[in-house]
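Trainee: Build the 3D model from these lines:
(one chain, ligands or ions: 1)
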Amino acid sequence: MTDRTQNTMWGGRFAAGPDAIMEAINASIGFDRRLHAQDIAGSRAHAAMLAAQGIISDKDATAIREGLLTVLSEIEGGNFVFSTALEDIHMNVEARLKEVIGEPAGRLHTARSRNDQVATDFRLWVRDQADAAIVGLVALQKALLRQAEAGADWVMPGFTHLQTAQPVTWGHHMMAYVEMFGRDAGRFADARARMNECPLGAAALAGTSFPIDRHATAEALGFDRPMANSLDAVSDRDFALEFLAAASITAMHLSRFAEELVIWSSAQFRFVALSDRFSTGSSIMPQKKNPDAAELIRAKIGRIMGANVALMMVMKGLPLAYSKDMQEDKEQVFDAADTLMLALAAMEGMVRDMTANRASLEAAAASGFSTATDLADWLVRALGLPFRDAHHVTGSLVALAEKKGCDLPELSLDEMKSAHPGITQEVYSVLGVHNSVASRQSYGGTAPDQVRAQVARWKERLG
Ligand code: ARG
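Mentor: Now for the predicted structure:
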């Protein structure tokens, strides 16, 4: 009820200040202070443009632009007192600017609204995060490439249904993730290209009667162009949703890989040893070395995907143009971005440090009749059997080996002939796992030569 709480930005129409609960639900300064650098960059560009267009004086623009730098250094130095009564980062910065430079501060908001201001700030912030995600993904890809190069010809079981399927190479498995993370980076790059249009100058929703130059502010802020429709400019948050969608897919990939690392590092598999730096011990079981980082990465998708769903729900029923609902766009995106960057860094560290257990991989590759398909293919090639018949003959040999408790290469030639009389000694040459992988020379296949070609292509691409 007092002047003390009355808002200086719109106090003219209001007789009383807000209720404390109203203030609490309304304020966003608790989180949108993260946009301070973007907010100040946007305001500096706006002020310069206003002066260039003759809308404010050069003197005022200079005072505003310099004052904003003072405010920036105060915030960055931790000397800025944020006020909940001032609601958000935009009004906190402007109010402080007034204290620093006086009257000219009041001219900054000419031809602008917080609606285009926040849309601009948030785009700038999300754009930086898309770039950071790409950097994180490339670092992870490079760590994977080193693993792939070292183990281009190490054999391991390839799985379907988590049942041994066919032997593959370690390098091939690593390169599968390089491809996935490469597409993830591509999604961030696509989203970035689409989001790189500037909302500033859309004002509240309808544009402005001042002779502003939206191309100039767009260019000053590194945007490709101004957004073409002022209603759209202040209304949509699809750029943040695209970021979250790309982040969700990346997190899904990270989660799958994390799951594999959890399985592979178990005593039952022993495919990899994770470094001490990325493992933890147990407070009660002295023998334990737990893959906590992998488990946490596996779980983090919940927060990222949750943010995607939450923002979609915020946006889905909103009439054009701005509604205060849209203030709820930020926290989730901040959390999702932080979570993603941490997960990427942790995964990169784990991959960089981990040691593949070549002997365990090879032993596992040879078990589970993993070369049964090679045997069937040989029957087709050498004896001219239709594939379906070859499949049947091989199946009976697998059953025989299973009964005897041995692997396919351990069956005698006579036993082989019992399934099909045409089988010769030559069959044994395709039953070894190294022969098996070496034969898979089709483009993109698991043969070491193919893997090395994939590695070379990506090395060139990533530089
Ligand atoms: N803090 C607000 C947000 O984040 C800024 C825009 C406020 N606009 C308004 N018309 N009340 O969305």
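Trainee: In the chain, what residue spans correspond to strands?
Mentor: Using DSSP state E, the strands found in the chain span residues 155-160, 163-169, 197-198, 225-226, 272-273, 355-356.
Trainee: who does the last one touch, helix- and strand-wise?
Mentor: This means strand 355-356. strand 272-273 (3 or more CB pairs under 8 Å, 6 or more residues apart in numbering; DSSP states H and E). For the C-beta atoms, the positions are set from N, CA and C on the backbone; glycine is no exception.
Trainee: run the last query once more with 10 Å
Mentor: helix 114-150, helix 170-195, strand 272-273 (3 or more CB pairs under 10 Å, 6 or more residues apart in numbering; DSSP states H and E).
Trainee: what does the shortest one contact?
Mentor: In this structure, residues lying in contact with strand 272-273 by CB atoms under 10 Å, 6 or more residues apart in numbering are 147, 170, 260-261, 263-266, 279, 289, 291, 350-351, 353-357, 360-361.
Trainee: Looking at the strands of the chain, which is nearest to the ligand?
Mentor: Proximity to the ligand, assessed across the strands of the chain by CB to the nearest ligand atom, is greatest for strand 197-198 (16.6 Å).
Trainee: Distance from the chain centre to the closest one, please.
Mentor: Distance of strand 197-198 from the chain centroid (CA atoms, centre = their mean, to the nearest Å) equals 23 Å.
Trainee: about what we covered before: now intersect the contacts of strand 272-273 with the helices, please.
Mentor: Judged by DSSP state H, the contacts of strand 272-273 include 147, 170, 260-261, 263-264, 350-351, 353, 360-361 as members of helices.
Trainee: Show me which residues of this structure sit near the ligand.
Mentor: 28, 32, 88, 114-115, 118, 322, 324, 326-327 (CB under 6 Å from any ligand atom).
Trainee: Of those, which count as buried by neighbour count?
Mentor: Among the residues of the chain next to the ligand, the ones that count as buried by 16 or more other CB atoms under 10 Å are 28, 32, 88, 114-115, 118, 322, 326-327.
Trainee: Quick one: neighbours of the residue nearest to P386 when sequence neighbours are not counted, just the number.
Mentor: Nearest non-adjacent residue to P386, counting by CB to CB, 6 or more residues apart in numbering: V380, 7.5 Å away. For V380, the neighbour count with other CB atoms under 10 Å is 15.
Trainee: Contact partners for V380?
Mentor: 386-391.
Trainee: can you rerun that using 8 Å?
Mentor: Shown in contact with V380 (CB atoms under 8 Å, 6 or more residues apart in numbering): 386-387, 390.
Trainee: top of those residues by neighbour count?
Mentor: Going by other CB under 10 Å, A390 tops those with 22 neighbours.
Trainee: Quickly note the distance from the residue nearest to that residue when sequence neighbours are not counted to H434.
Mentor: Spatial nearest neighbour of A390, excluding adjacent residues (CB to CB, 6+ apart): L379 at 3.7 Å. Applying CB to CB, to the nearest Å, the value for L379 to H434 is 20 Å.
Trainee: Just give me the closest of the ones in helices among the contacts of strand 272-273 to the ligand.
Mentor: Using CB to the nearest ligand atom, M350 comes nearest to the ligand of the ones in helices among the contacts of strand 272-273, at 36.8 Å.
Trainee: For the closest one, grab the count of nearby residues.
Mentor: When neighbours are counted by other CB under 10 Å, M350 comes out with 25.
Trainee: Which among the ones in helices among the contacts of strand 272-273 count as buried?
Mentor: 147, 170, 260-261, 263-264, 350-351, 360-361.
Trainee: want to try JSON lines for those residues, with distance to A202 and pLDDT as columns?
Mentor: Shown next, in JSON lines, are these (distance: CB to CB, whole Å; pLDDT from 0 to 100):
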{"residue": "Q147", "distance to A202": "48", "pLDDT": "98"}
{"residue": "W170", "distance to A202": "53", "pLDDT": "98"}
{"residue": "E260", "distance to A202": "47", "pLDDT": "98"}
{"residue": "L261", "distance to A202": "47", "pLDDT": "97"}
{"residue": "I263", "distance to A202": "51", "pLDDT": "97"}
{"residue": "W264", "distance to A202": "51", "pLDDT": "97"}
{"residue": "M350", "distance to A202": "44", "pLDDT": "96"}
{"residue": "V351", "distance to A202": "44", "pLDDT": "97"}
{"residue": "S360", "distance to A202": "60", "pLDDT": "96"}
{"residue": "L361", "distance to A202": "57", "pLDDT": "96"}
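Trainee: Please identify which of L379 and H434 sits among more neighbours.
Mentor: Each of L379 and H434 has its neighbours counted (other CB under 10 Å); L379 has more, 26 against 16.
Trainee: Can you verify my assumption that the more buried one contacts S396?
Mentor: No - at 11.6 Å, L379 does not count as touching S396 under the criterion of CB atoms under 8 Å.
Trainee: Just flag the most distant two among the residues of the chain next to the ligand.
Mentor: D32 and Y322 (14.8 Å; CB to CB).
Trainee: List the buried residues of stretch 293-305.
Mentor: For stretch 293-305, by 16+ other CB under 10 Å, it's 293-294, 297-298, 300-301, 303-305.
Trainee: Greatest separation within those: which pair is it?
Mentor: Maximum distance among these (CB to CB): 19.6 Å, for A293 and M305.
Trainee: Pick out the residue closest to the middle of this protein.
Mentor: A247 (3.7 Å; CA atoms, centre = their mean).
Trainee: Mean pLDDT, mean neighbour count and distance to V126 added to the strands of the chain, as JSON lines?
Mentor: Output for the strands of the chain, formatted as JSON lines (pLDDT from 0 to 100; neighbours: other CB atoms under 10 Å; distance: least, CB to CB, whole Å):
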{"stretch": "strand 155-160", "mean pLDDT": "96", "mean neighbour count": "20", "distance to V126": "37"}
{"stretch": "strand 163-169", "mean pLDDT": "93", "mean neighbour count": "21", "distance to V126": "38"}
{"stretch": "strand 197-198", "mean pLDDT": "98", "mean neighbour count": "22", "distance to V126": "13"}
{"stretch": "strand 225-226", "mean pLDDT": "98", "mean neighbour count": "17", "distance to V126": "17"}
{"stretch": "strand 272-273", "mean pLDDT": "95", "mean neighbour count": "19", "distance to V126": "35"}
{"stretch": "strand 355-356", "mean pLDDT": "96", "mean neighbour count": "16", "distance to V126": "37"}
